[in-house]
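Enquirer: what follows is a predicted protein model with its sequence.
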Amino acid sequence: MKIKNLIGQVVVVTGAGSGIGRELALRCARRGARLALCDLNPEGLDQTVADARAAGATEVYAQPVNVADAEQMTAFAKATTAALGTPDVLINNAGIAVIGGIMDTTLSDWDRLLGVNVLGVVHGAAAFVPDMVRRGSGHVVNLSSAAGVLANPQLGAYSASKFAVFGMSEALRMELRPHGVTVTTVCPGIVNTAITHTSAYRGGNADARRAKTTSSYAKRGYTADRAAANILKAIDRGKAVAPITPEAHVMYTLSRLAPPLARWLSNTLATIAK
């Protein structure tokens, strides 16, 4: 789908209140898109709406939504369609993380992770894609992760959730192709967003690990805006899978061509990061 010019096109972004979601919304606003935005954080969402209008968006519909709640997503989709019409692009971006091994991850953590990261994508697809199929066109973008193609022992539950998104997206792409709807799976990699310090850290030395992770992501310096720019390029090129940062490209390639080496590298990096 060619999206260099989005004038008149309807773009839906979940998790638009901060990070990559916000930057995607702003870049689409500058291209003339009509936006439908949601986020669990109403203050962050309000800021994105204001920034999008300042960037040139003339039509912005926004609603606080918990993507883990199917009824809220269904209501958001109905309101979006009534206000703007059937989406041309659906970006299932909302996500959370828990930092720590599987044995340190609580059952409550699992419920939250799977609710937002997996069911959030399911609910987005269920709410918006049927209308796209009926129209015979559209593009779905699901954010997985580099941790969704190469497991990390310090991101056990998060990796599991993002592997699920990757697998679902692969299947959905094949299912929707005959209906004129395409799917891109995005694996961002190490992007400097608030997720490093807003995530729950499980296991020992949580404060020290949080500080170390936040510092390393900041030093890496790959911004959410840069990630958003490359995600839009991937959509424009119709890519099936889109690793974003250089390390995400390496992890994706190794996971396909040399799985034992990929597992060794992932475990080594996770050990260093403890």
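Expert: Structure's in. What do you need?
Enquirer: looking at it, T245 is touching V191, isn't it?
Expert: Yes: if you go by C-beta atoms under 8 Å, T245 and V191 touch, sitting 6.6 Å apart. Where C-beta positions appear, they are placed from N, C-alpha and C, glycine not excepted.
Enquirer: give me the common contacts of the two.
Expert: Common neighbours of T245 and V191, counting by C-beta atoms under 8 Å, 6 or more residues apart in numbering, are 222, 227.
Enquirer: need the per-residue pLDDT for the residue nearest to I96 when sequence neighbours are not counted.
Expert: Spatial nearest neighbour of I96, excluding adjacent residues (C-beta to C-beta, 6 or more residues apart in numbering): V116 at 5.0 Å. V116 carries a pLDDT value of 98.
Enquirer: would you mind measuring from G204 to D104?
Expert: As for G204, its distance to D104 is 9 Å (criterion: C-beta to C-beta, to the nearest Å).
Enquirer: compare the two (neighbour count), which wins?
Expert: Taking other C-beta atoms under 10 Å, G204 and D104 do not tie; D104 has more neighbours (17 against 10).
Enquirer: residues in contact with the more buried one?
Expert: Taking C-beta under 8 Å, 6+ apart, one finds 202-203 in contact with D104.
Enquirer: what pLDDT does it get?
Expert: pLDDT recorded at D104 is 95.
Enquirer: again with Q154
Expert: 89.
Enquirer: surely it and I99 touch.
Expert: Yes: look at Q154 against I99 with C-beta under 8 Å: they come within range, at 6.4 Å.
Enquirer: look up phi and psi at R237.
Expert: Here is the backbone geometry of R237 (degrees, to the nearest 10): phi -90, psi 0.
Enquirer: start at 614 instead
Expert: That works, and once the first residue is 614, the last one we named lands at R850.
Enquirer: show me the contacts for it.
Expert: Shown here is R850, which makes no contacts under the criterion C-beta under 8 Å, 6+ apart.
Enquirer: just checking, S757 touches S774?
Expert: No: contact criterion C-beta under 8 Å: S757 and S774 do not qualify, at 9.1 Å.
Enquirer: tell me the helix or strand right after the one helix or strand K832 maps to.
Expert: Using DSSP states H and E, K832 falls within helix 819-833. Per DSSP H and E, helix 819-833 leads on to helix 837-849 as the next helix or strand towards the C-terminus.
Enquirer: got a list of contacts for that next one?
Expert: With C-beta under 8 Å, 6+ apart as the test, helix 837-849 has contacts from 614-617, 632-633, 635-637, 639-641, 702, 752, 754, 797, 799, 801, 804-806, 855, 857-858.
Enquirer: right, and L653 touches N679 too?
Expert: Yes: taking C-beta under 8 Å as the definition, L653 is a contact partner of N679 at 5.3 Å.
Enquirer: those strands in the chain, which residues are they?
Expert: 623-627, 647-652, 673-677, 702-705, 711-712, 751-756, 794-800, 813-814, 854-856 (DSSP state E).
Enquirer: now do the fifth one: distance to the chain's middle.
Expert: In this case it means strand 711-712. Put simply, strand 711-712 sits 16 Å off its chain's centre (C-alpha atoms, centre = their mean, to the nearest Å).
Enquirer: got a list of what V623 touches?
Expert: Residues in contact with V623 (C-beta under 8 Å, 6+ apart) are 646-649, 693, 697-702.
Enquirer: give me the buried entries from those residues.
Expert: Among the contacts of V623, those scoring as buried are 646-649, 693, 697, 699-702 (criterion: 16 or more other C-beta atoms under 10 Å).
Enquirer: redo those residues as TSV? Include pLDDT and distance to R839.
Expert: Shown next, in TSV, are these (pLDDT from 0 to 100; distance: C-beta to C-beta, whole Å):
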residue	pLDDT	distance to R839
A646	97	19
R647	98	25
L648	98	21
A649	98	24
T693	98	28
L697	98	28
T699	98	30
P700	98	25
D701	97	24
V702	98	20
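Enquirer: the contacts of helix 837-849 in helices, which ones?
Expert: Here DSSP state H is the test, and the contacts of helix 837-849 give 632-633, 635-637, 639-641 as lying in helices.
Enquirer: specify the helix with the largest residue count in the chain.
Expert: Counting by DSSP H, the longest helix found in the chain is helix 769-789.
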